[in-house]
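Colleague: Here's a sequence, model it:
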Amino acid sequence: MRNYLIIPLLIGCSTGVEALTLEQSVAQAMMNNPRLLQKYARFEAKHKDKRAVFSDYLPQVSLYAATGYEKITNNNGRDFDSELNRRELGLRVTQSLFSGFETVEDLARLDFEVKADKQALASEAENLSLEIAQVYIELYKTKGIIELSEQNVDDHKKILGDIKKRTDKGLSSAADVAQVQSRLATSHSSLLAAKNNYFDLKAKYYDLVGSYPEELHMPRPDKTYMPSSLDQAIDVAKKNHPEIKAAIFDVNAADKQMSREESSFWPKVDLQLDVNSDDNTDGFEGPDDDSRIMLSVSYDLYSGGRTVAKTEAAAWRKEEAKAIRDNTYQQVIEGTTLAWNAYRFVGEQKEFYRQNVDFATKAQEGYMQQYVLGRRSLLDVLDSKIELFVARKNFLNATFEERSASYRLINATGKLIEELRVDTPEAWQLKVKNEAQQEEEK
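Modeller: Next up is the predicted model:
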């Protein structure tokens with residue numbers, strides 16, 4: 001490869017104190033990005049919901065105390081009036097023995113919802129990583145375009161200087177000078193547009209990562225994560241994509257929700273212990289203590305159709321979850337296919353752009369030599385300069401678009417975080433480990 005192809009690809013490879021690699025940028029975003037913090041908060045809240053339901057397995061203990069004035073007037077033929085300071089103190093312990101499998105099904109439902117939220121968190125992290133990768137690559141590419149644009153401005157300045165010298169000698173006209181000045185103004189405009197785009201990308205990078213990029217390192221995707229065919233990419237995506245896993249867990253959660261609603265068809269059995277220590281009650285002065293332990297059974301014979309309606313509603317929500325799961329499969333397959341097509345065809349385009357640069361360079365050099373000999377016009381030389389600039393810019397774009405497409409394809413298979421070797425926060429790791437242990441125990 002010639003030097004004019006290599007130079008733009010080496011921009012920004014210097015290291016510095018503030019330098020952040022793509023992997024470091026993603027790792028920093030994992031700790032600070034509000035989108036991930038929002039998903040993580042929901043994930044943790046679901047864990048607490050699960051713990052709240054688990055409390056139904058444990059005894060429920062309540063303490064009751066009251067004091068106040070009591071007056072009783074009996075008008076049934078007996079002369080009985082009472083005015084006392086009533087005091088009550090009671091302790092109740094209730095242990096649920098059977099709740100129609102409500103607690104069992106509710107815990108199972110929440111367990112699936114926790115796993116679904118974890119996968120949603122992983123999916124958000126995957127998508128955020130892809131956004132950072134694309135912005136990082138765009139930043140790197142735009143720095144290259146700025147360098148090409150600066151070189152283009154310098155080339156036009158040099159031509160303008162040469163034309164002015166030729167004009168002073170009577171070899172060129174004022175129209176030639178104006179023509180070069182017009183092209184120089186256009187090249188300045190292109191340079192400013194590239195710089196403006198670069199600063200916009202820096203602002204977007206800050207929004208995603210939480211800091212501004214100072215130095216950049218050329219990101220290089222691990223080729224071992226690149227599928228060799230579209231079929232392989234789709235197979236990997238179906239097995240690993242977190243959105244598919246989340247959709248499957250949502251279907252399981254909806255199934256358990258339906259079973260939970262059906263638990264209302266069963267009786268409820270509780271063991272209840274009551275201990276009371278009262279004073280001055282029911283018109284009798286003095287203590288009134290009692291205690292009892294009871295086995296209670298309650299059965300809802302008719303609830304106005306509520307149980308049937310809630311069960312049917314849960315069944316329809318399960319159907320909704322299944323439809324979402326099927327749609328998720330289709331979206332993942334579509335996204336993987338689009339990512340594969342982009343990766344495949346932009347790679348082929350790059351080779352043609354490389355040839356375009358080679359031919360445009362030869363043409364520009366030849367036009368310049370012919371112009372000196374008077375066989376080409378100044379307009380031909382300027383057009384060849386612009387064509388070479390556009391060819392180099394297209395090649396630069398294709399080079400980085402291919403790299404961006406590589407990360408997009410890895411993201412489509414659900415393995416971008418793994419490919420970047422980014423450690424997720426410790427709190428995530430703990431939950432993943434616990435869930436893995438539970439699956440092994442099952």
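Colleague: from here on, contacts and neighbour counts on C-alpha atoms
Modeller: Fine.
Colleague: Which helix or strand lies directly C-terminal to the strand ranked longest in the chain?
Modeller: The longest strand of the chain (DSSP state E) is strand 80-98. Per DSSP states H and E, the first helix or strand lying C-terminal to strand 80-98 is helix 102-168.
Colleague: got the buried residues for the following helix or strand past that following helix?
Modeller: Next in sequence after helix 102-168, counting helices and strands by DSSP H and E, comes helix 174-209. By 16 or more other Cα atoms under 10 Å, the buried positions in helix 174-209 come out as 176-177, 180-181, 183-184, 187-188, 190-191, 194-195, 197-198, 201-202, 204-205, 208-209.
Colleague: and helix 174-209, what does it pack onto?
Modeller: If contacts are counted by 3 or more Cα pairs under 8 Å, 6 or more residues apart in numbering; DSSP states H and E, helix 174-209 sits against helix 22-32, helix 102-168, helix 378-412.
Colleague: and with 7 Å instead?
Modeller: Here helix 174-209 touches helix 22-32, helix 102-168, going by 3 or more Cα pairs under 7 Å, 6 or more residues apart in numbering; DSSP states H and E.
Colleague: Now render those helices as JSON lines, adding mean neighbour count, distance to Lys71 and mean pLDDT.
Modeller: Putting these into JSON lines (neighbours: other Cα atoms under 10 Å; distance: least, Cα to Cα, whole Å; pLDDT from 0 to 100) gives the following:
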{"stretch": "helix 22-32", "mean neighbour count": "20", "distance to Lys71": "65", "mean pLDDT": "89"}
{"stretch": "helix 102-168", "mean neighbour count": "21", "distance to Lys71": "44", "mean pLDDT": "90"}
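Colleague: what pairs with the longest strand of the chain, and is each one parallel or antiparallel?
Modeller: According to DSSP bridges, strand 80-98 has the following sheet partners: strand 60-74 (antiparallel), strand 268-281 (antiparallel).
Colleague: what angle separates the last one from helix 102-168?
Modeller: What separates the directions of strand 268-281 and helix 102-168 is an angle of 110 degrees, with axes from the mean of the first three to the mean of the last three Cα atoms, to 10 degrees.
Colleague: Secondary structure element holding Ile293?
Modeller: With DSSP H and E as the criterion, the answer for Ile293 is strand 284-298.
Colleague: Looking at the helices and strands packed on helix 174-209, which is nearest to Tyr302?
Modeller: helix 102-168 (18.1 Å; Cα to Cα).
Colleague: where's that closest one relative to the chain centroid, distance-wise?
Modeller: Going by Cα atoms, centre = their mean, to the nearest Å, the spacing between the C-alpha centre of helix 102-168 and its chain's C-alpha centre is 15 Å.
Colleague: what's the angle from that helix to helix 22-32?
Modeller: Between the axes of helix 102-168 and helix 22-32, defined by the same axes, to 10 degrees, the angle is 130 degrees.
Colleague: Throw the strands paired with strand 80-98 into a markdown table and include mean neighbour count, thanks.
Modeller: Output for those, formatted as a markdown table (neighbours: other Cα atoms under 10 Å):
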| stretch | mean neighbour count |
| --- | --- |
| strand 60-74 | 12 |
| strand 268-281 | 17 |
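Colleague: mind putting those strands in JSON lines, distance to Asp358 and mean pLDDT included?
Modeller: Output for those, formatted as JSON lines (distance: least, Cα to Cα, whole Å; pLDDT from 0 to 100):
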{"stretch": "strand 60-74", "distance to Asp358": "81", "mean pLDDT": "83"}
{"stretch": "strand 268-281", "distance to Asp358": "83", "mean pLDDT": "85"}
